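Novice: return atomic coordinates for the entry below.
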Amino acid sequence: MSSWSWWDELEQKLEQQLESFLRSHPEQSERLRQDQLNEAAQLRRQLLELAAEIKQWQERTKKAQAAGAHDLSKRAREHLDQLMEQGRGLWQRLEAIGQDLHQPAPRSEDLDSAWARFETEQALEDLRRRRGL
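Specialist: Sure, this is the predicted structure:
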């Protein structure tokens, strides 16, 4: 289990860096959200196409079984299993995107912090003007 601790630490650190980046660049947060929405739409289209293909191969498998073509039926079933596995992968990715989209977006700095920063910058600018910088 200790071999995974460094991986968990790395993953946590990268997640924190991403959240920090998105807080300081809210436009990137919206861009990421839009990219996720686009990817989700593409995954839904792929799942619909795959569902039609799976249905077709289910019918072919039944037809081969009914005709006694056992070798062909077995190969069709193996192909069907591969398609189902592909569908599970697409569904898991779509589900992960859905969870990401439903998490609250990282908040940009709160109003008090933003105001304090603004006042500090204004005071610094006043000092620069007075000193002729």
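Novice: counting by contacts, list what the helix or strand residue 88 falls within packs against.
Specialist: Mapping residue 88 onto the secondary structure by DSSP states H and E places it in helix 70-102. With contacts taken as 3 or more Cβ pairs under 8 Å, 6 or more residues apart in numbering; DSSP states H and E, helix 70-102 sits against helix 26-66. Every C-beta, even on glycine, is put in place using the N, C-alpha and C of the backbone.
Novice: and the residue nearest the centre of the chain?
Specialist: Nearest to the mean C-alpha position of the chain, by Cα atoms, centre = their mean, lies residue 97 at 3.9 Å.
Novice: give the contact list for it.
Specialist: 36, 39-40, 43 (Cβ atoms under 8 Å, 6 or more residues apart in numbering).
Novice: which intervals of this protein have sub-threshold pLDDT?
Specialist: 1-4, 104-109, 133 (pLDDT under 70).
Novice: cutoff 50 now
Specialist: Within the chain, the segments meeting pLDDT under 50 span 1.
Novice: returning to what we had before: out of the contacts of residue 97, which is nearest to residue 78?
Specialist: Proximity of those to residue 78 (Cβ to Cβ) peaks at residue 43, which lies at 24.5 Å.
Novice: so how many other residues sit close to the closest one?
Specialist: Neighbours of residue 43 under the rule other Cβ atoms under 10 Å: 18.
Novice: how about the residue lying closest to it once chain neighbours are set aside, what does it touch?
Specialist: Leaving aside its chain neighbours, residue 43 sits nearest to residue 94 (4.5 Å; criterion: Cβ to Cβ, 6 or more residues apart in numbering). Counting by Cβ under 8 Å, 6+ apart, residue 94 touches 40, 43-44, 47.
Novice: now those residues: which count as buried?
Specialist: By neighbour count, with 16 or more other Cβ atoms under 10 Å, the contacts of residue 94 hold 40, 43, 47 as buried.
Novice: buried residues, stretch 89-107. List them.
Specialist: Within stretch 89-107, the residues scored as buried using 16+ other Cβ under 10 Å are 90, 94, 97.
Novice: now stretch 10-29
Specialist: 22, 29.
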